[in-house]
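Engineer: curious how this folds, go ahead:
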Amino acid sequence: MTVRPCTDASPAQWLLTADRDWSDLTVRGPLGYEAYARLRFIPDPTYSGQREGDADVDGELLPEIKQLAIATSHLSSHTSTPDDCYFAIWEGWGGLELVGAVQLPFVNREAVLFNGATSDLSTWVDSRDDTSPANLPIPSFVWPADRAWCIANDVDPHFATIGASFTAIQELLKNTTIDVAVDDPDLPQPWYSA
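Structural biologist: Residues are numbered from 1 along each chain as shown. The predicted structure follows:
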C-alpha cells in the first residue's frame, strides 16, 4: 500500500462544503451523480427490528475492506485519475496520530485525509483487524481527484453508498462477487436495529 498522509485539505473541500446535512453526506454521499448504488456488506434486514447479528447470511462474507477494494477496482476504469485517489478516514477509529496529516472537520465525524491510487485498496489491511503500525482503518470516503465517483462508508450502516455515472453503476450491479443494489438518494434505506 502506498497511501500517504495529505498535508492539504483542498481535495476534500467539495465534501466539506457540500449542500447536504452532514449525516446524509457521511451515510449517503454527495449529491449530483447520474446514478447511485449501495454496496451491502451484509444483506438488508428482512424484518422490522432485526439486529445485524441476526442477518440472513449465506456462507462466509468477505471483509468490508475487500468488498470496497473490488468496487473500487471496477470504478477505477471510470475515472481519468486512477493513480490520484483520496481516502478520508474517520478519526474515531484511533491510531491516526500522524504528523502533518490534514484533519477534515466533518461535523461529528472528523477525518484524516490520505492520497494514493485506487488500486491501493486491494492491498489495504484494516487496522481494526490487524493492528500493525503500517495498517489503516477502513476509509469513510473514497474518491478520485477528478471526482468521477465517490464512495461514502459511514461507521453505522451495513452498506456503503456509491455515486457515479450510470455506466459505472450498471457495471457494479453486474459483479457477482459483491452485493450491490440500486440506490435512490431521496428514499430512506433499510436499517438494522441498534
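Engineer: all contacts plus neighbour counts: C-alpha atoms, from now on.
Structural biologist: Fine.
Engineer: excluding covalently adjacent residues, which one is nearest to Ser76?
Structural biologist: Pro82 (5.4 Å; C-alpha to C-alpha, 6 or more residues apart in numbering).
Engineer: and the one you found, that one's in a helix?
Structural biologist: No - in this structure, Pro82 is coil, not part of a helix, as judged by DSSP: H, G, I helix; E, B strand; the rest coil.
Engineer: so where's the chain uncertain?
Structural biologist: Scanning the chain for pLDDT under 70 picks out 1, 95-103, 105-108, 126-134.
Engineer: any idea how far Ser165 is from the residue nearest to Val182 when sequence neighbours are not counted?
Structural biologist: Once flanking residues are discounted, Val182 sits nearest to Ala37: 4.3 Å by C-alpha to C-alpha, 6+ apart. Ala37 sits 11 Å away from Ser165, going by C-alpha to C-alpha, to the nearest Å.
Engineer: quick revisit: does the residue nearest to Ser76 touch Thr72 like I think?
Structural biologist: No - using C-alpha atoms under 8 Å, Pro82 is not in contact with Thr72; the gap is 9.6 Å.
Engineer: between the two, which contacts overlap?
Structural biologist: Any residue near both Pro82 and Thr72 by C-alpha atoms under 8 Å, 6 or more residues apart in numbering counts here, and that gives Thr118, Ser119.
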